[in-house]
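Participant: Have a look at this prediction, sequence included:
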Amino acid sequence: MHMNSTTLFAKTPPLKLFFIAAIPGAVSMFASALYQTIDGAFVGHFLGSTAFAAINLAMPFAIINFSLADLIGVGSSVPISICLGRKQEKEANNIFTCACIMIIVTGIIIGGILFAAAPFLIRLMGADGEFADLAVKYLRVYAICSPVTTIVFATDNYLRICGYIRGSMFLNILMSVLSAVLEFLFLGVFKFGIWGASLATCLGMIICAVIAMIPFLRGKALLRFCRPKFHAEIIKQVISRGSPNFLNNIAGRITSILMNAILVRMGGETAVSVYGVLMYTDGFVQPLLYGMCDSLQPAVGYNWGAGKFKRVRSIEKCCFTASGVVSVLSVFIIAIFPEQITMLFVSDASEEVLKVSVFALRLFSLSYITRWISFATQSYMLAIEKSLFASIISVSTALIFPVILIFALWPFELTGIWLNFAGTSLLAAILSLFILRKQNRDIKKRISSETEIAINSD
């Protein structure tokens, strides 16, 4: 269903806007998270614990590839929303067109590099034998499909900007269902092996990317393709606005690679499997937070561009409140059901794996007490063009704090690794509150100016 995005962003009451935009966004990401859960469960069930560990070893590299597309998608959607708020439709269309071309070219280049470098990268992680061979096969399918899969991450943003909010939601659900059905067929029926898991995901992405492009190709959407006019300002805008999310993804993957390398040496395949359980659990909660915050960015950017700062703050209050509720609920669910969560991903878990995983999950659950603060703050800063603040939060949360805590908690061995997540979330929350305090002073001044202008115009 298509909504008038200008009316939706500019006139709908903030709470109603939250339910119209953020809830479908959360449902979309929930569907994606559910598929990630099913993906891990299918691989663990049909192919065993070694294959499950292998996909967790390879996945950070695949996500780095998707992160580049996300950089361009998010980096272009923020200035597109602001241009639309300023009634600069031609510039919005040009940014949209240039961004799509950049994503495809980037997918070709990075996909080729990943395919060639896969054996070296996996060996660099300390893996060998069947463990390494499975990880290479899994990663190479993602690399081959990269030019036609990565665009799907950007189309989600563009559809929401154009008011296709429910359409975006249904498309994400379709992608998850298609991928899950194909993976079941490839692994459970045709017995393809680990490469079938990544192929199923890629085929689901490709089909939905094609469907998502139809409104733009037919000229029915608010955004339309035009003759691209690349210039330095567009590239600068895309990189600066998209860098916080990109840095978060890249830094997070670097941290995951470092963690995996340490875990391989510290606890072997068991430790890597447990870390995989934590990451899959996080992959279930984080998309809900991301879905809510990211879905509101077009509305926040539009109103920021239109100079409606009071409305910006009202929308963000809804975002922060909802993020806090989801995070606190996650603490209780993870802490109460650690055994069930572990068995979901590693059905043949030994007593040792189960014991370590239950302990790790309970420590990991503590991270969500404060996790929502940095997450919502980063999204807010990105939407209002404060990309430097968003980047600081991003890199600190994904890389700087975790690395510092790795060394600070090193004497605690594996327990220190599991505590790392809660410690990182606490430090990130403190940093975010400091940035919010600074930004609140600025937005109060803008609201005062906005009020004065409204009074004078009356």
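Facilitator: Alright, I've got the coordinates.
Participant: Report pLDDT for Met259.
Facilitator: For Met259, the pLDDT comes out at 83.
Participant: Would you mind confirming that it makes contact with Val272?
Facilitator: No: with contact defined as C-beta atoms under 8 Å, Met259 and Val272 do not form a contacting pair (9.0 Å). For the C-beta atoms, the positions are set from N, CA and C on the backbone; glycine is no exception.
Participant: So for those two, which residue has more residues nearby?
Facilitator: More neighbours surround Val272 than the other of Met259 and Val272, with 26 against 22 (other C-beta atoms under 10 Å).
Participant: Nearest residue to that one in space, please, no chain neighbours.
Facilitator: Spatial nearest neighbour of Val272, excluding adjacent residues (C-beta to C-beta, 6 or more residues apart in numbering): Ala53 at 4.7 Å.
Participant: in what helix or strand does the one you found lie?
Facilitator: Using DSSP states H and E, Ala53 maps to helix 49-85.
Participant: if you average pLDDT over that helix, what comes out?
Facilitator: Here the average pLDDT along helix 49-85 is 85.
Participant: Could you number the chain from 814 rather than 1 from now on?
Facilitator: Understood, numbering begins at 814; the last thing we discussed is helix 862-898.
Participant: how much does the helix or strand following it deviate in direction from helix 862-898?
Facilitator: As assigned by DSSP H and E, the chain's next helix or strand after helix 862-898 is helix 902-937. On the basis of axes from the mean of the first three to the mean of the last three C-alpha atoms, to 10 degrees, helix 902-937 is oriented at 160 degrees to helix 862-898.
Participant: residues of helix 902-937 that come out buried?
Facilitator: Of the residues in helix 902-937, 904-913, 915-916, 919-920, 923-924, 927-928, 931, 934-935 count as buried by neighbour count, 16 or more other C-beta atoms under 10 Å.
Participant: Now tell me what touches stretch 831-844 from outside.
Facilitator: Outside of stretch 831-844, the residues within contact range by C-beta atoms under 8 Å, 6 or more residues apart in numbering are 816, 821, 825, 969, 973, 978-979, 981-982, 984-986, 988-990, 1100-1101, 1103-1109, 1111-1112, 1128, 1131-1132, 1135.
Participant: Point out the ones among these that are inside helices.
Facilitator: Judged by DSSP state H, helices contain the following of the contacts of stretch 831-844: 821, 969, 973, 978-979, 981-982, 984-986, 988-990, 1100-1101, 1103-1109, 1111-1112, 1128, 1131-1132, 1135.
Participant: Chain neighbours aside, what residue packs nearest to Cys1015?
Facilitator: Cys958 (3.8 Å).
Participant: mind listing what that neighbour touches?
Facilitator: Contacts of Cys958 (C-beta under 8 Å, 6+ apart): 924, 1012, 1015, 1018-1019.
Participant: same thing with Leu984?
Facilitator: 841, 969, 972, 1021, 1024-1025.
Participant: Quick check: the gap between it and Asn878.
Facilitator: 21 Å (C-beta to C-beta, to the nearest Å).
Participant: Pretty sure Leu1091 sits against Phe1234.
Facilitator: Yes: with contacts counted by C-beta under 8 Å, Leu1091 reaches Phe1234, the gap being 7.4 Å.
Participant: which residues do those two both contact?
Facilitator: By C-beta under 8 Å, 6+ apart, the residues touching both Leu1091 and Phe1234 are Phe1177.
Participant: buried ones in stretch 1004-1016?
Facilitator: For stretch 1004-1016, by 16+ other C-beta under 10 Å, it's 1005-1016.
Participant: can you list contacts of it?
Facilitator: 848, 852, 855-856, 860, 864, 867-868, 875, 947, 950-955, 958, 962, 991-993, 995-996, 998-1000, 1003.
Participant: ok, now stretch 1020-1028?
Facilitator: Outside stretch 1020-1028, the residues touching it (C-beta under 8 Å, 6+ apart) are 815, 961-962, 964-965, 968-969, 971-972, 975, 977, 980-981, 984-985, 987-988, 991, 1034.
Participant: let's go with 6 Å and repeat that
Facilitator: 964-965, 968, 984, 987-988, 1034 (C-beta atoms under 6 Å, 6 or more residues apart in numbering).
Participant: just stretch 887-907 next, same as before
Facilitator: Contacts for stretch 887-907 (C-beta under 6 Å, 6+ apart): 908-909, 912, 970, 974, 1036-1037, 1039, 1042, 1050-1051, 1054-1055, 1058, 1111, 1114-1115, 1118-1119.
Participant: Out of the residues you listed, which end up buried?
Facilitator: The buried subset of these (16+ other C-beta under 10 Å) comprises 908-909, 912, 970, 974, 1036-1037, 1050-1051, 1054-1055, 1058, 1111, 1114-1115, 1118-1119.
Participant: give me the number of residues near the closest residue to Ile1197 other than its chain neighbours?
Facilitator: Spatially, and ignoring its direct neighbours in sequence, Ile1197 is nearest to Trp1117 (4.9 Å; C-beta to C-beta, 6+ apart). Trp1117: 22 surrounding residues under other C-beta under 10 Å.
Participant: in what helix or strand does Trp1117 lie?
Facilitator: helix 1081-1118.
Participant: Which of the contacts of stretch 831-844 are buried? Put it as a PyMOL command.
Facilitator: The buried residues among these can be selected in PyMOL (16+ other C-beta under 10 Å) with this line:
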select buried, resi 816+821+825+969+973+978+979+981+982+984+985+986+988+989+1100+1101+1103+1104+1105+1106+1107+1108+1109+1111+1112+1128+1131+1132+1135
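Participant: now the longest helix along the chain, how far from the centre of its chain.
Facilitator: Taking DSSP H as the criterion, the chain has its longest helix at helix 1227-1270. Relative to its chain's centre, helix 1227-1270 lies at 20 Å (C-alpha atoms, centre = their mean, to the nearest Å).
Participant: what's it packed up against?
Facilitator: On a contact count with 3 or more C-beta pairs under 6 Å, 6 or more residues apart in numbering; DSSP states H and E, helix 1227-1270 meets helix 1122-1149, helix 1164-1178, helix 1184-1196, helix 1214-1221.
Participant: rewinding a little: the helix holding Trp1117 to helix 1227-1270, inter-axis angle?
Facilitator: Going by the same axes, to 10 degrees, helix 1081-1118 makes 0 degrees with helix 1227-1270.
Participant: how much distance is there from helix 1081-1118 to the middle of the chain?
Facilitator: Per C-alpha atoms, centre = their mean, the centroid offset for helix 1081-1118 relative to its chain is 5 Å.
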